[in-house]
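**Student:** here is a sequence together with a model predicted from it:
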Amino acid sequence: MQGLLTTFQLAVIAISGGMILGVLVGMGRLSSRVCVYYPATVFVNFLRSIPLILVIFWFYFLVPILAGRPLGDFLSAAIAFIVFEASYFAEIIRAGIQSIPKGQLQAAYSTGLNYPKTMRYIIIPQALKNMIPSLLTQSVIILQDTSLAYVIGLKEFLRSGSIVDAREVRSLEIYTFVGIVYFLICFSMSTLSKRWEAKKGAVR
Amino acid sequence: MIEIVNLSKWFGKFKVLDNVNETIQRNQVVVVCGPSGSGKSTLLKCLNGLEDFQQGDVIIDGVSLKNPTTDLIKIRQKIGMVFQRFELYPHMTALENIALAPMKVKKIPREEAEKKAMALLERVGITDQAQKYPGNLSGGQQQRVAIARALAMEPEIMLFDEPTSALDPEMIKEVLDVMIDLAKSGMTMMVVTHEMGFAKEVADEIIFMDQGRIIERGTDKTFFENPKTDRAKDFLDKILF
């Protein structure tokens, strides 16, 4: 199933790219510098207020103009997902960092650590632990969202299903099968995230 | 060593520090007391730049904190600080808590930093807890690790912000004993505390603050036996039964 592979590729690129961009934007949202804070905040609020399907469409037409040449379905979908999901990851990361008490920052500063080192050794490791369940949940959502790339004709898993359907004309069976596969993948991922949360709760 | 000159600070419209003046010499121990909300902790945090201020100046070893080119990171390496709620890093062992700053700030190799951390744990009397995480230590042990962590950077000055007020009564002594040792070894210290036994034993000067101002200062004898202001008298009556 080439389609399932495309779905996974798109999801992995969206999650990793979205997370990297999300860390930068999330930290920007915490910056005291106005010229960093406002662009990051506008980015997040804007993207969270429009539907993903619109962003996919939009990038499909926008990216070729910016790049000066067509980049293909997959690349344009990947860019749209990275940018869109970054806004969600950014909020998870911002909340995670803010969940760490201010005293930790002060303690680290008082021993002479600077801001980047304090973030790297003290704040982020603790924040990450708090964020993992939300990050996993968001990743599950991304995997499901990749099916929206259907609209620009990308042959991901759902689209492959509908192509097979056009050939075989057994819609009910095919879409049920597609549904079961999505369910199995996403449900096992979210169970994993719940277990993680429970384990973390038990330690405290 | 530390000079506080006409220091004033506002939180919004509220004046937390009102024209504070104080000089602390090398090897001196100064105890700050006063009712809650009087600005004691804020004053302490102004000394290592954890809080900023709007008027006056703090001068550490001749370096002005008001000067925007002053490198606070450098200043903080000279000043250790101990917090009311310990603020140990919960994701690191006691040993790692202590060794982190020497490794990452002073670039001391891990082996050497950990050896030094062990020596500091011995100094505060808890070598057997080195590999434990803060969550598995008692409050008194956590605070002693926190003192060791501050000492690891070999500071010239130590600031204590109500180091015993979050502790169970039976653990206060073990922490105070470490602090008394430190004072007697000649460390320059500024201590916000209501532990008057500690103040009597090691304080060179006691400052009484109220509403952001220093309203009385004296040595232990003059302050405890003969407070000049009614406010200080009233306060001492309440904390000494």
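**Tutor:** Yep, that arrived.
**Student:** what sits up against stretch B:99-119?
**Tutor:** Applying Cβ atoms under 8 Å, 6 or more residues apart in numbering or on different chains, the contact partners of stretch B:99-119 are A:111-113, A:117, A:121, B:73, B:77, B:89, B:92, B:95, B:98, B:127, B:130, B:148-149, B:152-153. No exception for glycine: its C-beta is placed from N, CA and C like everyone else's.
**Student:** now, of those residues, which are buried?
**Tutor:** A:111-113, A:117, A:121, B:77, B:89, B:92, B:95, B:98, B:130, B:148-149, B:152-153 (16 or more other Cβ atoms under 10 Å in any protein chain shown).
**Student:** so what's B:G218 up against?
**Tutor:** So B:G218 contacts B:205-206, B:228 (Cβ under 8 Å, 6+ apart).
**Student:** could you redo the last one with a cut-off of 10 Å?
**Tutor:** When contacts are counted by Cβ atoms under 10 Å, 6 or more residues apart in numbering or on different chains, B:G218 is found next to B:203, B:205-208, B:224-228, B:232.
**Student:** go on, A:V83?
**Tutor:** Per Cβ under 10 Å, 6+ apart, neighbours of A:V83: A:14, A:17-18, A:21, A:25, A:43, A:47, A:55, A:58-59.
**Student:** just A:Q9 next, same as before
**Tutor:** Contacts of A:Q9 (Cβ under 10 Å, 6+ apart): A:74, A:78, A:146, A:156.
**Student:** need those residues in TSV with neighbour count, secondary structure and pLDDT, can you?
**Tutor:** Converted to TSV, those look like this (neighbours: other Cβ atoms under 10 Å in any protein chain shown; DSSP: H, G, I helix; E, B strand; the rest coil; pLDDT from 0 to 100):
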residue	neighbour count	secondary structure	pLDDT
A:F74	17	helix	86
A:A78	23	helix	90
A:T146	28	helix	88
A:E156	25	coil	83
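**Student:** one step back: which one of the contacts of B:G218 is nearest to B:T42?
**Tutor:** Checking the contacts of B:G218 against B:T42 by Cβ to Cβ gives B:I207 as the nearest, at 13.8 Å.
**Student:** the helix or strand in which that closest one is found pairs with which strands, parallel or anti?
**Tutor:** Assigned by DSSP states H and E, B:I207 belongs to strand B:205-210. The pairing partners recorded for strand B:205-210 under DSSP bridges are strand B:29-33 (parallel), strand B:213-218 (antiparallel).
**Student:** pick the most deeply packed of those.
**Tutor:** strand B:29-33 (a mean of 25; mean count of other Cβ atoms under 10 Å in any protein chain shown).
**Student:** mind giving me the packing neighbours of the worst-scoring helix or strand of chain A on mean pLDDT?
**Tutor:** Lowest by mean pLDDT, DSSP states H and E among the helices and strands of chain A is helix A:171-203, with a mean of 83. Helix A:171-203 is packed against helix A:2-29, helix A:124-145, helix A:157-168, with contacts defined by 3 or more Cβ pairs under 10 Å, 6 or more residues apart in numbering or on different chains; DSSP states H and E.
**Student:** quick one: closest of those helices to A:A90.
**Tutor:** That would be helix A:2-29 among those, by Cβ to Cβ, at 3.9 Å.
**Student:** and that closest one, average pLDDT?
**Tutor:** Averaging pLDDT along helix A:2-29 gives 90.
**Student:** C-terminal to that helix, what's the next element?
**Tutor:** helix A:34-48.
**Student:** figure out how far that next one is from the centre of its chain.
**Tutor:** Distance, stretch centre to chain centre, for helix A:34-48: 17 Å (Cα atoms, centre = their mean, to the nearest Å).
**Student:** near B:T222, how many other residues are there?
**Tutor:** 13 (other Cβ atoms under 10 Å in any protein chain shown).
**Student:** quick check, it in a helix?
**Tutor:** Yes. Secondary structure of B:T222 (DSSP: H, G, I helix; E, B strand; the rest coil): part of a helix.
**Student:** contacting residues for the closest residue to A:L154 other than its chain neighbours?
**Tutor:** Excluding the flanking residues, the one nearest A:L154 by Cβ to Cβ, 6 or more residues apart in numbering or on different chains is A:D73, at 4.2 Å. Going by Cβ under 10 Å, 6+ apart, A:D73 touches A:6, A:60, A:149, A:152-156, A:159.
**Student:** try 8 Å
**Tutor:** A:60, A:149, A:152-155.
**Student:** so which of those comes closest to B:N27?
**Tutor:** Nearest to B:N27 among those, with distances taken as Cβ to Cβ, is A:A149, at 70.3 Å.
**Student:** which one is that closest one nearest to, not counting chain neighbours?
**Tutor:** A:A77 (4.2 Å).
**Student:** now do the SS call for that neighbour.
**Tutor:** What three-state DSSP gives for A:A77 is helix.
**Student:** check contacts around it.
**Tutor:** A:10, A:56, A:59-60, A:146, A:149, A:152, A:154.
**Student:** give me every residue that touches the residue lying closest to B:L7 once chain neighbours are set aside.
**Tutor:** Spatial nearest neighbour of B:L7, chain neighbours left out: B:G56 (3.9 Å); criterion: Cβ to Cβ, 6+ apart. Neighbour list for B:G56: B:4-8, B:19-20, B:66 [criterion: Cβ under 8 Å, 6+ apart].
**Student:** what is the burial count for residue 198?
**Tutor:** Going with chain A. By other Cβ under 10 Å, 10 other residues sit near A:A198.
**Student:** my question was about chain B
**Tutor:** Around B:F198 there are 24 other residues, counting by other Cβ under 10 Å.
**Student:** cool, and the one 3 residues further on?
**Tutor:** Applying the criterion other Cβ under 10 Å, we find 15 residues in the vicinity of B:E201.
**Student:** nearest residue to it other than its sequence neighbours?
**Tutor:** B:I180 (6.0 Å).
**Student:** and that neighbour, how far from B:M187?
**Tutor:** 11 Å (Cβ to Cβ, to the nearest Å).
**Student:** what of A:Q104?
**Tutor:** Taken as Cβ to Cβ, the span from A:Q104 to B:M187 is 25 Å.
**Student:** which residues sit in contact with residue 162?
**Tutor:** Going with chain A. A:S162 touches A:150, A:174, counting by Cβ under 8 Å, 6+ apart.
**Student:** wrong one, I was asking about chain B
**Tutor:** B:40-41, B:84, B:192-194.
**Student:** wait, isn't B:I206 in contact with B:A199?
**Tutor:** Yes. At 5.6 Å, B:I206 counts as touching B:A199 under the criterion of Cβ atoms under 8 Å.
**Student:** rewinding a little: and the strand holding B:I207, how far out from the chain middle?
**Tutor:** 15 Å.
**Student:** what does stretch A:145-156 give?
**Tutor:** Taking mean C-alpha positions (Cα atoms, centre = their mean), stretch A:145-156 and its chain are 16 Å apart.
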